[in-house]
Each structure stands twice: as C-alpha cells, then as structure tokens.
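J.: pasted the sequence and its predicted model underneath.
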Amino acid sequence: AADKISLIPQDFLAELCEQIIQHLNHKIPGVNTAELCQRIQTSGIEINIGDLAKIANVLSFLFSTAARNSLSPEELVGAAGSAVPRPALQVIRHVWAERGGALSGADGVRSAVTVGQFVDMKWKLGVAMSSDTCRSLKYPYVTVTLTVADPSGQITDKSFEMTIPQFKNFFSQFKEMASVLETV
C-alpha cells in the first residue's frame, strides 16, 4: 500500500485522511472508498479500489496508533518512517496536526469493534415476468441493499433478494426488534 500512496493526489489524500479521522472519532460511520476511488480515477489517476482500501487501512492503523500513544505530528512522521513517500508524509503530518487532537481524548479512538455499522438501506419491489424456461412467471420479489461500514471503516453494499414470505418474516423480525427497543 505504501508504494501506491504516492499515486494519490495530495488533495484526495488529505480528504481520505480527514475521513479516516472522522470515522475514528465516531463522526461518520465509515470511509466511502468506492466513491473516492471513482473521483480519483475521473481525475485521470489509475488506482483500483482494492489498493485504495489497503491505503485506507494503513492510514487508519497509523492514526489510531498515534491517537492511543498521543503522538505529536513529528512523532507520527517518525513512526511512519521511510515506508511512506515524503509528499504523502507531509499531507499526513498536516492533517494530523490540524485534526488529530480530536482523537487524542480519553475515548477518541474506536475500541476494538468487531462488527460493522449500518449506514443505509434501500429496497425495491420487482416482479419476474418470464424466463427462458417459463413464459409466465409473475413472481414478486423484494431486493434489499444494505450499506454497511466494516470495522475498518470501509463502506460496502450488500444486496439480496427475498420472496414475499421471506420479506414478511424479515419485516416481522424488525417489528419485534422495534417493540423490544421501546421497552428499553
């Protein structure tokens, strides 16, 4: 990941660093690397989402370690050492100097979270009209897309389809959760 970080323009790298710090500080649920990757590619830079996700993970580790150890910007740069190219180190140092103080508080850094975080949910109702083996299906289904942030902050979409009976079961479980939450 360290060799790929030099591909990212400094303004995009600064934005990535700021999003990671916001995520670690519980201000946003995660870092949307897919959206950022698309914007970087639109600017003419060849980078894939896997490499950008690895860079985000390295930066997240770097910032969380720096926060846990209350490192100054200079100490952070020293900790990163020669593994990160100098121009990228300057961006990291600048963002840490500007925004890192918010993480150095008592509970500023996310503790060892092992589950993802819900970000958004979209759904649509569809009807399968026909297939190559059956001329008239008229089969209704519900497609659900969940947007989640994994523990490292990477935002991903998970989609699945349900039959109407499956959806009714799904819905009843949500109603049950809601009623339990009302008693808390």
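T.: Looks like it came in fine. Numbers count the residues shown, from 1 in each chain.
J.: show me what the strand or helix carrying Ile40 is packed up against.
T.: Element membership for Ile40, per DSSP states H and E: helix 33-42. Applying 3 or more Cβ pairs under 8 Å, 6 or more residues apart in numbering; DSSP states H and E, one finds that helix 33-42 makes contact with helix 10-24, helix 49-68, strand 155-163. (C-beta placed from N, C-alpha, C; glycine too.)
J.: in CSV, list the ones you listed along with mean neighbour count, mean pLDDT and distance to Val84.
T.: Conversion of these to CSV gives the following (neighbours: other Cβ atoms under 10 Å; pLDDT from 0 to 100; distance: least, Cβ to Cβ, whole Å):
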stretch, mean neighbour count, mean pLDDT, distance to Val84
helix 10-24, 20, 92, 10
helix 49-68, 19, 88, 8
strand 155-163, 14, 90, 24
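J.: reformat these as TSV; add distance to Gln117.
T.: Converted to TSV, those look like this (distance: least, Cβ to Cβ, whole Å):
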stretch	distance to Gln117
helix 10-24	9
helix 49-68	14
strand 155-163	9
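J.: any low-confidence regions in this protein?
T.: When residues are selected by pLDDT under 70, those of the chain lie in 1-2, 104-116, 135, 151-152.
J.: just want the most central residue of it.
T.: Nearest residue to the geometric centre of the chain (Cα atoms, centre = their mean): Gln154, 2.4 Å.
J.: what about Lys122, how many neighbours?
T.: 11 (other Cβ atoms under 10 Å).
J.: nope, Thr147 is what I was after
T.: Using other Cβ under 10 Å, Thr147 has 18 neighbouring residues.
J.: ok, it touching Asp157?
T.: Yes - applying Cβ atoms under 8 Å, one finds Thr147 in contact with Asp157, separated by 5.4 Å.
J.: and the angle for the helix holding Ile40 with strand 155-163?
T.: 120 degrees (axes from the mean of the first three to the mean of the last three Cα atoms, to 10 degrees).
J.: kindly export helix 33-42 (C-alpha atoms) in PDB.
T.: Taking C-alpha atoms only, helix 33-42 is exported to PDB below (Å, rounded to 0.1, in the frame of the first residue of the first chain):
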ATOM      1  CA  THR A  33     -13.500   4.300  -0.700                       C
ATOM      2  CA  ALA A  34     -15.600   3.400  -3.700                       C
ATOM      3  CA  GLU A  35     -16.800   7.000  -4.200                       C
ATOM      4  CA  LEU A  36     -13.400   8.400  -3.600                       C
ATOM      5  CA  CYS A  37     -11.700   5.900  -5.900                       C
ATOM      6  CA  GLN A  38     -14.200   6.800  -8.700                       C
ATOM      7  CA  ARG A  39     -13.400  10.500  -8.200                       C
ATOM      8  CA  ILE A  40      -9.600   9.800  -8.300                       C
ATOM      9  CA  GLN A  41     -10.000   7.800 -11.400                       C
ATOM     10  CA  THR A  42     -12.100  10.600 -13.000                       C
END
